[in-house]
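> Sequence plus predicted model, see below.
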Amino acid sequence: MATAPSLTISQLTVGVRLTQMNVRVIHKWTRPDLKEKGKIGSIELLLLDAENEVIQATIAKQLVSYLGPKFTVGEVYTIRSLTVDSNIGLDKATSNPCRLKFLFSSKVQGINDTSIPLHGYRFADFEDILDGKVATTHYIGVVGKLFEIGPIFETRGGYKCRTIKLEDIRGCQLSCTLWGTHTVQVPALISQQPNPDQSKIIVIQCVETKKYEGQWRVQTTFNATVFHVNPDIPEVKQFESSFSTPSASNSLQVIDIPDDDDHDVLTTENIKSICDIKQHEKVIINPYPLYQHDISPSYHLTHVIIERTLLHVGHSC
């Protein structure tokens, strides 16, 4: 009998039976049983194919002991005989309209397939999150430089939480609320880094977007969220290089400003963050606390005025 051809995630439609697919497991977490305390309700997987597409797959409670141990994050598998359902329910971790469901007849086999990417990270833009443009219907991923770690405090309901702030290459700052065990685990993970002077680049998988006191932020989930600090991946290396000290090709000059008003002006009251000045050649601030490292290297030339001092920050692309 001929072997069934392997499908890709983009070829799946709701209601069909998946015959065969090669995927890498990029995330795995358990959901508790809502009826039986201390029991596992399901195992959730994020699967990545050779086209860099991602889909969520659910191993139901009855199959957890049988199929759960077969999957390891980072490994590649051929999976066979699954159903393709609508992507609804709790812990929705992708925008894909489909979700895979394992059956008693499903088969799993470990393989070696280097054509499938290693991580498949998808990072939401800080500006889009802060502007409320990111969908709240599913979990997202973010990456940023650690800017601040707040103290632990207790809510009125008795839940412990703390806030960390992340910064992107444009200086936009995003608040992330840590709940439960994350309040302790994340600072511990950060403190374990071998070089205390190195910038801490934080990669977070599966966080929720939430509007709190009129401001958009992200927050951890109780089951799916995972943190990585300075992971050795190309995306982080590229991100970290954006904060490097200016060299000959990223020079900084300071000059005096003439006493005239012939400037393209962005007034102080319109400035909320460095993101607001990225399209302006000249900014008059009286004063405004911007810093050299906040200037994005993705722009050829930016002028920032701080207390009547004009900073020319230029670079080659």
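Here it is on my side, so go on.

> that's a strand at residue 208, yeah?
Yes: using DSSP: H, G, I helix; E, B strand; the rest coil, the assignment for residue 208 is a strand.

> and it, what are its bridge partners?
residue 219 (DSSP bridges).

> What is the burial count for it?
16 (other C-beta atoms under 10 Å). (Glycine included, C-beta is placed from N, CA and C.)

> what's next to the one helix or strand residue 85 maps to, contact-wise?
Assigned by DSSP states H and E, residue 85 belongs to strand 76-86. Residues from elsewhere that reach strand 76-86 (C-beta atoms under 8 Å, 6 or more residues apart in numbering): 4, 6, 12-25, 47, 57, 70-71, 97-103, 105-113, 116.

> rerun that using 7 Å as the cut-off
12-24, 71, 97-103, 105-113, 116 (C-beta atoms under 7 Å, 6 or more residues apart in numbering).

> List the buried residues of it.
Neighbour-count burial for strand 76-86 flags 76-77, 79-82, 84 (criterion: 16 or more other C-beta atoms under 10 Å).

> Go through the contacts of strand 76-86 and flag which are in strands.
Among the contacts of strand 76-86, the ones falling in strands (DSSP state E) are 17-24, 98-103, 105-111.

> Buried subset of those residues as a PyMOL selection?
Under the burial definition 16+ other C-beta under 10 Å, those of the ones in strands among the contacts of strand 76-86 that qualify are selected in PyMOL by:
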select buried, resi 18+20+21+22+23+24+98+99+100+101+102+106
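
> for residue 107, what are its contacts?
80-81.

> Tell me how far it lies from residue 231.
Distance, residue 107 to residue 231, using C-beta to C-beta, to the nearest Å: 32 Å.

> With residue 150 instead?
Distance, residue 150 to residue 231, using C-beta to C-beta: 23 Å.

> Equivalent analysis for residue 214, please.
33 Å.

> who has more neighbours, the two?
residue 231 (15 against 5).
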